[in-house]
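S.K.: take this sequence and fold it.
(one chain, ligands or ions: 1)
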Amino acid sequence: MNSNPSSYGETVLEIDLNALAHNYRFITSKLKPETKVMAVVKAFGYGSDACEVAKELEQLGVDYFAVAYVKEGVALRNAGVRTPILVLHPQTVNFEVLIDRCLEPTLYSARIMKEFVRAAESKGQENYPVHIKFNTGLNRLGFWGNDSDWIMDRLSETTSIKIKSLFSHLAASEDASEKSFTLDQIEQFKEISEKIIAQLGYRPFLHQSNTSAIINYPEANFDMVRTGIGLYGYGNSKEADEQLSPVVTLKSIISQIHKIEPGESVGYNRAFKASGYEVTATLPLGHADGISRSYGNQVGHVLVHGKKAPIIGNVCMDMLMINVTGIECKEGDEVIIIGASNPASDLAESANSISYELLTALSQRIKRVVCRKQ
Ligand SMILES: *Cc1c(COP(=O)(O)O)cnc(C)c1O
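M.R.: Numbering: from 1, shown residues only. The predicted structure is shown next:
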């Protein structure tokens, strides 16, 4: 009898710190020894647990952290993280808190720079570390290269801030068909930063690479790389994925088994209709936990005792149903939704999504369990 009862008895997200350490070592093995590493732990550490991840990476000697918003940086500081933290996308209303908690802002526009200088001056700051972001083609956030004279003028008027780094962000580093675009972004960033460094009289450090750029454009790592998805075990390609180890495993449990007769339906709107005798299982997680409705109706599958069981019908808010016809299983058994055996990248792809979206959607309702596997 194939029996594998869930040891947790509920839906949990396991966070394997050994897998994280493996990924960190793999990524650093791709870098020159002097290249610094910024670990991106925004969005709860890509859906895992930003504080647990950051504390482990701090032990491993990471140089910097990045978060998207001030609130995320505050959570890291509250957890005792002492490493410098870059806030990628700060908002002016949070500048006071940012300064109080020793977080370092990205200055990405004239408005943000003026407001930050005002906040830093009003709090009596000298040489507060800031990071200037340039837009080299993503057209999302950042100064233009030709804003550099304006930036230099503002800098000459204040002693409240000091440029710690210059950076930019690539639009398509994972996409081989956009190689010439990416090389152009890298070239633009080089030119912009050389011009600024010549005027500044000191050398802020430079960074542009995300995970895929570390792998695909190692010559463009500059002084530091910013790695997010790779740390969590996904590399935007089959080859990279083989070297990395997924940090999170999403496990659930069979709450109930139903025997369905031909013509019967399962779930809301009767979206699944049985053509024959089927066996279905109900799991305690749904779209409120981050498994979107787009995975329903046989688009996505989970693993029951290592066998593929499609998600059937419409995913409900708190539950989803799977087809376990022909799979020996019973109530209380464990089900793997995401993990090394059912990678987030594959499950996401089934619904035209990406690992980033699936992982970061996993809601805070799911219990997190930190572990160290071998
Ligand atoms: C999220 C983010 C990263 C991390 O990218 P990955 O592809 O996850 O490595 C790096 N830089 C910026 C500006 C980001 O917003």
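
S.K.: which parts of the stretch 201-350 of the chain are helices?
M.R.: 211-216, 238-243, 344-350 (DSSP state H, counting those that start in this stretch).

S.K.: and Pro5, how far from Gln374?
M.R.: According to Cβ to Cβ, to the nearest Å, Pro5 and Gln374 sit 22 Å apart. The way it works is simple: take the backbone N, C-alpha and C, and place the C-beta from them, glycine included.

S.K.: higher neighbour count, those two?
M.R.: Set Pro5 next to Gln374 and count neighbours by other Cβ atoms under 10 Å: Pro5 wins out with 13 against 4.

S.K.: how about the contacts made by that one?
M.R.: Counting by Cβ atoms under 8 Å, 6 or more residues apart in numbering, Pro5 touches 332-334.

S.K.: ok, of the residues you listed, which come out buried?
M.R.: The neighbour count (16 or more other Cβ atoms under 10 Å) marks 333-334 as buried among the contacts of Pro5.

S.K.: show me the shaky parts of the protein.
M.R.: 1-3 (pLDDT under 70).

S.K.: tell me which residues touch whichever residue of it sits closest to the ligand, please.
M.R.: Of all residues in the chain, Gly228 sits closest to the ligand, at 2.6 Å by Cβ to the nearest ligand atom. Listed by Cβ under 8 Å, 6+ apart, the contact partners of Gly228 are 39-42, 46, 66, 210-211.

S.K.: so which of the residues you listed are in helices?
M.R.: Using DSSP state H, the subset of those located in helices is 42, 46, 211.

S.K.: the residue nearest to the first one when sequence neighbours are not counted: neighbouring residues, count only.
M.R.: Take Lys42 and drop its neighbours on the chain: the residue closest to it by Cβ to Cβ, 6 or more residues apart in numbering is Ala68, 4.1 Å away. The burial count assigned to Ala68 is 16, neighbours taken as other Cβ under 10 Å.

S.K.: residues touching Ala68, list them.
M.R.: 42-43, 87-89.

S.K.: quick one on the thing from earlier: make TSV out of the helices of the stretch 201-350 of the chain and add distance to Asp16 and mean neighbour count.
M.R.: Output for the helices of the stretch 201-350 of the chain, formatted as TSV (distance: least, Cβ to Cβ, whole Å; neighbours: other Cβ atoms under 10 Å):
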stretch	distance to Asp16	mean neighbour count
helix 211-216	18	22
helix 238-243	16	14
helix 344-350	14	20
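
S.K.: surely Pro246 touches Gly230?
M.R.: No: in this structure, Pro246 is not within contact of Gly230 by Cβ atoms under 8 Å, at 11.3 Å.

S.K.: of the two, who's got more company?
M.R.: The neighbour count for Pro246 versus Gly230, taken as other Cβ under 10 Å, is higher for Gly230 (26 against 23).

S.K.: tell me the phi and psi of that one?
M.R.: Backbone torsions of Gly230, given as degrees, to the nearest 10, read phi -60, psi -40.

S.K.: that one contacts Leu244, correct?
M.R.: Yes: counting by Cβ under 8 Å, Gly230 does reach Leu244; the two are 6.2 Å apart.

S.K.: overlap in contacts of the two?
M.R.: In contact with both Gly230 and Leu244: 23, 26, using Cβ under 8 Å, 6+ apart.

S.K.: tell me the helices and strands packed up against whichever strand or helix holds Asp153.
M.R.: Secondary structure from DSSP states H and E places Asp153 in helix 148-156. Judged by 3 or more Cβ pairs under 8 Å, 6 or more residues apart in numbering; DSSP states H and E, the packing partners of helix 148-156 are helix 110-122, helix 179-200.

S.K.: and if we set it to 10 Å?
M.R.: helix 110-122, strand 128-134, strand 161-168, helix 179-200 (3 or more Cβ pairs under 10 Å, 6 or more residues apart in numbering; DSSP states H and E).

S.K.: pull out the buried residues from the longest one.
M.R.: Spelled out, it's helix 179-200. 181-182, 185-186, 188-190, 192-193, 196, 200.

S.K.: near the ligand, which residues of the stretch 151-300 of the chain are found?
M.R.: Applying Cβ under 6 Å from any ligand atom, we find that the stretch 151-300 of the chain lies next to the ligand at 169, 210-212, 226-230.

S.K.: could you redo the last one with a cut-off of 8 Å?
M.R.: Within the stretch 151-300 of the chain, the positions adjacent to the ligand are 167, 169, 173-174, 210-212, 214, 226-231, 236 by Cβ under 8 Å from any ligand atom.

S.K.: which among those gets closest to Val369?
M.R.: Lowest distance from Val369 to these (Cβ to Cβ) belongs to Leu231, with 18.7 Å.

S.K.: list the contacts of the closest one.
M.R.: 19-24, 26-27, 37, 39-41, 45-46, 48, 53, 56-57, 62, 211, 244, 247 (Cβ atoms under 10 Å, 6 or more residues apart in numbering).

S.K.: domain map for this protein?
M.R.: Annotated domains of the chain cover 31-232, 247-371 [automatic domain parsing].

S.K.: want to throw these into TSV with distance to Leu13?
M.R.: Listed next are the domains of the chain as TSV, based on distance: least, Cβ to Cβ, whole Å:
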stretch	distance to Leu13
domain 31-232	7
domain 247-371	5
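
S.K.: please identify which of those domains is closest to Ala240.
M.R.: domain 31-232 (5.5 Å).
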